[in-house]
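# no sequence on this one, just coordinates:
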């Protein structure tokens, strides 16, 4: 059973800014699964301080770098790319919740997190592991075409499958361009980069020339 659905609905309803008096509770069971609710029915639930904006403790910069490096090596993804996705998705906020219900550093949707065996999307370690696994899956699906993989990360694999090109969705095209820009910047900053520049298979056209929604 997916135990974050009720909590996600609660968080999305207030878009990460709960009104005065709103409360959220959490407990972590013996298997390490995080249970979240706004209506605690068990004494093991402990109240989370929503005003502090922290559902999970942040990683230190050193811990974050180590986690990114570990999953970059495991999945054959440049650490600059993982940093770029995290920057674009959550601006490195492990407690981020989007209006659509995406969670944590790499903004995993609940069903995606469940499929990746991410029990607590607000845990930075689990979230990065899941996000890196998912990004690797998309890169393989689209034969290393980074813009298409990023578009699928943003809009969903089925949308990109429909066009087998960047979908004509302004938000998605802006997202892809933003991640690629961050990626280039992080590559320049990374003194240990093993490639001089990223290779992109597809030239991006200006997103503003496309409608907000796909046309049938």
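Noted; the coordinates are in hand. What you are looking at is a predicted structure, and each value in this text was computed from that prediction instead of being measured. Numbering: from 1, shown residues only.

# Next, give phi and psi for the closest residue in space to residue 138 that isn't next to it in sequence.
Nearest-residue entry for residue 138: residue 149, 4.0 Å, with adjacent residues in sequence omitted and distances by Cβ to Cβ, 6 or more residues apart in numbering. The way it works is simple: take the backbone N, C-alpha and C, and place the C-beta from them, glycine included. When quoted as degrees, to the nearest 10, the phi and psi of residue 149 stand at phi -60, psi -40.

# OK, contacts around residue 149?
Contacts of residue 149 were listed using Cβ atoms under 8 Å, 6 or more residues apart in numbering, and they are 135, 138-139, 141-142.

# which helices and strands does the longest helix seen in the chain pack with?
Counting by DSSP state H, the longest helix found in the chain is helix 170-189. Other helices and strands packing on helix 170-189, by 3 or more Cβ pairs under 8 Å, 6 or more residues apart in numbering; DSSP states H and E, are helix 79-90, helix 146-155.

# Who are the packing partners of the next helix or strand along the chain from the shortest one?
Sequence order places helix 157-163 as the next helix or strand after helix 146-155, per DSSP states H and E. Packing contacts for helix 157-163, counted by 3+ Cβ pairs under 8 Å, 6+ apart, involve helix 146-155.

# Quick check: mean pLDDT of stretch 126-144?
Over the span of stretch 126-144, the pLDDT mean works out to 97.

# circling back to that earlier point, okay, the helices and strands packed on helix 170-189, which one's buried deepest?
For the helices and strands packed on helix 170-189, average neighbour numbers computed from mean count of other Cβ atoms under 10 Å are highest in helix 146-155, which has a mean of 24.

# between it and helix 170-189, what angle do the directions make?
130 degrees (axes from the mean of the first three to the mean of the last three Cα atoms, to 10 degrees).

# returning to what we had before: could you measure the residue nearest to residue 138 against residue 143, distance?
9 Å (Cβ to Cβ, to the nearest Å).

# Residue 78 contacts residue 139, doesn't it?
No: Residue 78 is beyond contact range of residue 139, at 11.0 Å (criterion: Cβ atoms under 8 Å).
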